[in-house]
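Peer 1: Below are the sequence and a predicted model; questions follow.
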Amino acid sequence: MQPFELTVADAAAAVAARTLSPVELVDSVLDRCDAVEDRLHAYVTVVADRARRAARQAEREIREGVHRGPLHGIPYGLKDLVDVAGVPTTASSRAWADRMPGEDSTVAARLTDAGAILIGKTHTHEFAYGLLTPQTANPWHADVVAGGSSGGSAVAVAAGTALFSLGTDTGGSIRIPAALNGTVGLKPTYGLVSRHGVAPLSWSLDHVGPLTRTVRDAALVLSALAGHDPSDPASVSAPAGPPASFPADVRGLRVGVPGTYYFDRVDPEVEAAVRETIGRLRELGATVTHVDPPLTEYVEATQWGLMAPEASAVHEETLRATPHLYGPDVRLLLEAGRHVSALDYLRAQRTRSLIGRAWGRLFAGIDVLVAPTSPITAARRGQETVRWPDGVTETVTDAYVRLSSPANITGFPALSLPVGRDSAGLPIGAQLIAAPFAEPVLFRVGTALEDTLPDTGGLAEVHQADIIHSASDR
Amino acid sequence: MMAAAGPSRPSVRPAPPPDLRPGETAELAARLGRLFGRLRTLDLAGVAPAPVFRPAAAPSPAAPGAFVAAL
């Protein structure tokens, strides 16, 4: 096994035992970048020299007995919305082609303090306003999308060009690419991880979180990220730091299985894999209960009623000054968002109150909800719609966001983990949702599940074709 | 004569540029408007917007020790 193939936990153990040096590990990941990046385009920027310098410093520190914790010497990728001083943040947009941050975001600073080593900035759908990340290729199959908006972050982790990465999630943008690329993705509780220094899409829905190869790794990274930050007005004082270790034991946990919404218009192979996952939890000792998630008929309208005007407000000045620098899909969304009335925006906010309260009551009776992350696996490039057996047609984007956005509206934590593959070999993700600050429940359930799966922590076999024929230059 | 110093006036910004494809923008805006119609069927009397922006120093909505208790 090459060092780039290690999980964070295994690499951390080897680094701590001094059987693996951070320099070897970073060199291995950079070699992997050289081998596959021309096919995947996960990164906007690779900072190889900076990474090697940081690796030598980490090696020195560890040799001198200074150990910063499990992320010390671990190479990672950062979605290119997240500022690092002296490294461009482009948001994968021509509008930010020359933007050079002067200071670190809070999450980048926390990872540096933890000793993690930045490999580079990963591609996003432009300004995180989309679910495709067209610049980036899915490593599992040349003809399907990477998903998004944190597509580069998911692909880097799936392909071994980072041991973990950070993404952002406004309607599912961590969990969807995680599901489509066979990685773990965690959207933490709203406010648990600071967004200071992270380009916003929609202030009241945005979250920052990790993408990893295992649930254990997600817990390790969250431990380094979580904590109150006065620079983010939405940041909360977490009740306690999330534990970095927990029992992989689900006995006694109450698992809610949605009878409605989450299994409506879902690909049969996805449904089968998720139901098999629920059956596995029952075998492991969990109590399975059928539930009806409330007010789901208002989810789509609430998500758009919040996101569209907030995104247009975020981009108001730039759209006014340089509209031609946006891609046509994002520009269309931003222009349409200007037409949303204040009354509709407030109605969406008030509906969010109702949904949040109702979901709070739902979680009084269960510990975790288990559902598909996305109703479909990775769509073909260029595919615009999905037609369901009941005759309903929806856009691929609407399909992707349908099952993930409730956790953005409520702010509840949600984790996607790989639970199988479809007949085309494409990964399937299951989504675990818990009550606010109950990330440890997600980790418990997720770890118990992945302990039963044969290829936990494995990498994608990167396809050979370079399919980015029309790579966007934005 | 110099003008007397007074409170600074906000600068006047130019009007936003025209939409790239006005027809498509109007169509999407209309689609969103129809979607928001669903929310008008809800009884929201007495419901305030969700407090998503909590004061930074405000106590967390979760009880202390919730992480440990969850285990």
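Peer 2: Everything's here; your move. Numbers count the residues shown, from 1 in each chain, chains lettered A, B, ... in the order given.

Peer 1: least trustworthy helix or strand in chain B by mean pLDDT?
Peer 2: helix B:66-70 (a mean of 38; mean pLDDT, DSSP states H and E).

Peer 1: where are the low-confidence patches of chain A?
Peer 2: Along chain A, the parts satisfying pLDDT under 70 run over A:238-245, A:465-474.

Peer 1: farthest residue from the center of it?
Peer 2: A:Glu64 (35.2 Å; CA atoms, centre = their mean).

Peer 1: Next, the contact list for that residue, please.
Peer 2: Under the criterion of CB atoms under 8 Å, 6 or more residues apart in numbering or on different chains, A:Glu64 has no neighbours. Any C-beta I mention is one placed from the backbone N, CA and C, and that applies to glycine too.

Peer 1: centroid residue for chain A?
Peer 2: A:Ile174 (1.9 Å).

Peer 1: was I right about it contacting A:Thr212?
Peer 2: No. The criterion here is CB atoms under 8 Å, and A:Ile174 misses it with A:Thr212 at 10.6 Å.

Peer 1: Chain B: strands as residue ranges?
Peer 2: With DSSP state E as the criterion, chain B has no strands.

Peer 1: quick check: mean pLDDT across the helix ranked longest in chain B?
Peer 2: Counting residues, the longest helix found in chain B (DSSP state H) is helix B:22-37. Averaged over helix B:22-37, pLDDT sits at 94.

Peer 1: Only the buried residues of that helix, if you could.
Peer 2: B:25, B:28-29, B:32, B:35-36 (16 or more other CB atoms under 10 Å in any protein chain shown).

Peer 1: what subset of those is also close to chain A?
Peer 2: B:25, B:28-29, B:32, B:35-36 (CB under 8 Å from any CB of the partner chain).

Peer 1: Tell me the secondary structure at A:Ser309.
Peer 2: Residue A:309: Pro, not Ser. Secondary structure state of A:Pro309, per DSSP: H, G, I helix; E, B strand; the rest coil, is helix.

Peer 1: Run through the residues that contact it.
Peer 2: Neighbours of A:Pro309 in contact, by CB under 8 Å, 6+ apart: A:337-338, A:340, A:344-345.

Peer 1: ok, back up a step: quick one, phi psi at the residue nearest to the centre of chain A?
Peer 2: For A:Ile174, the backbone dihedrals (degrees, to the nearest 10) come out as phi -90, psi -50.

Peer 1: shared neighbours of A:Ile174 and A:Thr212, anything?
Peer 2: With CB under 8 Å, 6+ apart, A:Ile174 and A:Thr212 have common neighbours A:185-186.

Peer 1: So in that sheet, which strands flank the helix or strand hosting A:Val370, and in what orientation?
Peer 2: Assigning secondary structure by DSSP states H and E places A:Val370 in strand A:368-372. According to DSSP bridges, strand A:368-372 forms sheet pairs with strand A:254-258 (parallel), strand A:427-433 (antiparallel).

Peer 1: So which residues on the stretch 251-400 of chain A come close to chain B?
Peer 2: A:297-298, A:300-302, A:304-305, A:308, A:316, A:319-320, A:323, A:328, A:331-333, A:335-336, A:338-340, A:344, A:346-354, A:356, A:367.

Peer 1: Any of the residues you listed buried? List them.
Peer 2: Neighbour-count burial (16+ other CB under 10 Å) applied to these gives A:298, A:300-302, A:304-305, A:308, A:319, A:323, A:331-333, A:335-336, A:338-340, A:344, A:347-354, A:356, A:367.

Peer 1: In helices only, show me the residues you listed.
Peer 2: Using DSSP H, these in helices are A:300-302, A:304-305, A:308, A:319, A:331-333, A:335-336, A:344, A:347-354, A:356.

Peer 1: what sits against A:Leu284?
Peer 2: A:Leu284 touches A:249-251, A:448, A:452, counting by CB under 8 Å, 6+ apart.

Peer 1: By neighbour count, which of these wins?
Peer 2: A:Val250 (25 neighbours; other CB atoms under 10 Å in any protein chain shown).

Peer 1: from the contacts of A:Leu284, which is closest to chain B?
Peer 2: Of all these, A:Asp249 has the smallest distance to chain B: 9.5 Å, by CB to the nearest CB.

Peer 1: tell me the SS of the closest one?
Peer 2: Reduced to three states by three-state DSSP, A:Asp249 is coil.

Peer 1: what separates it from A:Gly102, distance-wise?
Peer 2: In this view, A:Asp249 and A:Gly102 are 47 Å apart by CB to CB, to the nearest Å.

Peer 1: Equivalent analysis for A:Leu201, please.
Peer 2: 22 Å.

Peer 1: Comparing these two, which residue is more hemmed in?
Peer 2: A:Leu201 (26 against 7).

Peer 1: isn't the more buried one right up against A:Val314?
Peer 2: Yes. If you go by CB under 8 Å, A:Leu201 and A:Val314 touch, sitting 6.8 Å apart.

Peer 1: Touching both of those two, which residues are there?
Peer 2: Contacts common to A:Leu201 and A:Val314, judged by CB under 8 Å, 6+ apart, are absent.

Peer 1: show me what contacts the nearest residue to A:Ala379 once chain neighbours are set aside?
Peer 2: Distances taken as CB to CB, 6 or more residues apart in numbering or on different chains place A:Val396 nearest to A:Ala379, at 4.7 Å, with adjacent residues excluded. Residues in contact with A:Val396 (CB under 8 Å, 6+ apart) are A:131-132, A:376, A:379, A:383-386.

Peer 1: Which stretches in chain A count as strands?
Peer 2: Using DSSP E, strands in chain A cover A:43-46, A:75-79, A:117-122, A:164-169, A:184-187, A:207-212, A:254-258, A:287-291, A:368-372, A:385-387, A:393-395, A:414-421, A:427-433.

Peer 1: what's the most buried one of these?
Peer 2: Ranked by average neighbour count under the criterion mean count of other CB atoms under 10 Å in any protein chain shown, the strands of chain A are headed by strand A:184-187 at a mean of 32.
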